[in-house]
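Trainee: no sequence for this one, just the structure:
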């Protein structure tokens, strides 16, 4: 057993049967001057130091002056890709827009061409290095999408890499089929045939082989229409795949209401929102996910988090880690961005990056909070005055120790 003692603040404590919504996100369940007991890979007990039990032979970890919280839950990433897109980064500095770069062969289709020519083993090795780095930054649960293959063979290659990552890394991990990320160049004159390929071949085959947990569509002007998304989500529903969808990144075209109709687990991006979108989300079980790293990198509007929270809705935050629009998987930076750019309080940002992130990829029974029986996946910070310091001192390394599955990293 391990016994963490003298914890200055123990965060996100308690039982969570549903995502934290609205005003409740501004309340941080925590214990000052706390202890936490780990048995094997699980949280066994926790409480105030005045109630600390006597545990003979326990390994003691003194966390005096430090904060202990769940490891971050990153519910939206594109971790598996072939290579970076630094040249496009320079193009944008020189004045080209995201859409202009895509129209001249860059963007998603650039990543597709590179990934198709790369072996599964090479993709896996690169993805391992990236995931090891993200874990060192405090990420303890992650969702990973396909979407840079855009053919049956290449999408299967991506999903097979994610399956290998699941077997190699003992953290909660989910795979999402994003065959509908863009129309590949070979189908540019027959988009209906590509959508049929997704519906008739990709979804049935990959679901049968248990290669994906969710279905995703980039519902956006110039990519996939609302009606096309609905056809893909309907096919996913038949094969037991719940939606997690890209919507409202650049335009509000009705994708949120359609996603809610199909009981989407989450709607992600939401940089552009209209009143009808908020109304569609009210009363639903769908979680909104903001991706401030993407807004930062592309210099586009940020998700109006205050509108969502003030409407009584649950909100999660994630990195959108990918080579084109969000080339950072650092959740510590995302928490800071949530406060600085989205107007969220530290309490709201930490809740959004832990328990709500866990719900947004259906791993909340295993992680995301300090709850008895959940995985002992924990961040121990350097000495801090309070949890407000976590987003305040953005860019500083504030993690002193990580505990993953009850073991110190």
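Mentor: Thanks, I have the structure now. These numbers come from a predicted model, not from an experiment.

Trainee: residue 350 against residue 69, yeah?
Mentor: Yes. Residue 350 is within contact range of residue 69, at 6.8 Å (criterion: CB atoms under 8 Å). Where you see a C-beta, it was placed from the backbone N, CA and C, and this is true even at glycine.

Trainee: what touches both of these two?
Mentor: Counting by CB atoms under 8 Å, 6 or more residues apart in numbering, the contacts common to residue 350 and residue 69 are 11-12, 387.

Trainee: of those, which is the nearest to residue 231?
Mentor: The closest of the shared contacts of residue 350 and residue 69 to residue 231 turns out to be residue 12 (CB to CB; 39.0 Å).

Trainee: count of neighbours near the nearest residue to that closest one once chain neighbours are set aside?
Mentor: Counting by CB to CB, 6 or more residues apart in numbering, residue 12 lies nearest to residue 369, which is 4.7 Å off, once chain neighbours are set aside. Residues contacting residue 369 under the criterion other CB atoms under 10 Å number 22.

Trainee: tell me the contacts of residue 369?
Mentor: By CB under 8 Å, 6+ apart, the contact list for residue 369 reads 12-14, 16, 70, 354-355, 358.

Trainee: possible to save those as a markdown table with secondary structure, neighbour count and pLDDT?
Mentor: As requested, the contacts of residue 369 are exported to a markdown table (DSSP: H, G, I helix; E, B strand; the rest coil; neighbours: other CB atoms under 10 Å; pLDDT from 0 to 100):
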| residue | secondary structure | neighbour count | pLDDT |
| --- | --- | --- | --- |
| 12 | coil | 24 | 98 |
| 13 | strand | 22 | 98 |
| 14 | coil | 12 | 97 |
| 16 | coil | 21 | 98 |
| 70 | strand | 29 | 98 |
| 354 | coil | 31 | 98 |
| 355 | helix | 28 | 98 |
| 358 | helix | 28 | 98 |
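
Trainee: what helix or strand is residue 283 on?
Mentor: Under the criterion DSSP states H and E, no helix or strand holds residue 283.

Trainee: same deal with residue 174?
Mentor: Secondary-structure assignment from DSSP H and E places residue 174 in strand 173-180.

Trainee: show me what the helix or strand that that strand is followed by is packed up against.
Mentor: Using DSSP H and E, the next helix or strand after strand 173-180 towards the C-terminus is helix 191-197. Helix 191-197 sits against helix 226-238, with contacts defined as 3 or more CB pairs under 8 Å, 6 or more residues apart in numbering; DSSP states H and E.

Trainee: list the buried residues for the helix it packs on?
Mentor: Buried residues in helix 226-238, defined by neighbour count with 16 or more other CB atoms under 10 Å: 226, 228-233, 235-236.

Trainee: what's the first helix or strand after that helix?
Mentor: Proceeding N to C from helix 226-238, the next assigned helix or strand is strand 242-247, under DSSP H and E.

Trainee: paired strands for that following strand, with orientation please.
Mentor: strand 214-219 (parallel), strand 266-269 (parallel) (DSSP bridges).

Trainee: any chance you could list what contacts the shortest one?
Mentor: Spelled out, it's strand 266-269. Strand 266-269 is touched from outside by 75-76, 244-249, 255-256, 259-260, 281, 286-291, 294, 303, 316, 318, 320, 360-361, with contacts defined as CB under 8 Å, 6+ apart.

Trainee: in the stretch 51-200 of the chain, which spans are helices?
Mentor: Applying DSSP state H, counting those that start in this stretch to the stretch 51-200 of the chain gives helices spanning 86-93, 98-103, 108-116, 120-136, 152-168, 191-197.

Trainee: tell me the mean pLDDT for the first one?
Mentor: It stands for helix 86-93. Helix 86-93 shows a mean pLDDT of 86.

Trainee: for that helix, packing partners?
Mentor: Helices and strands touching helix 86-93, by 3+ CB pairs under 8 Å, 6+ apart, are helix 98-103.

Trainee: and stretch 397-407, what's buried?
Mentor: 398-399, 401-404, 406.

Trainee: quick one: low-confidence residue ranges for the stretch 51-200 of the chain.
Mentor: For the stretch 51-200 of the chain, no stretch has pLDDT under 70.
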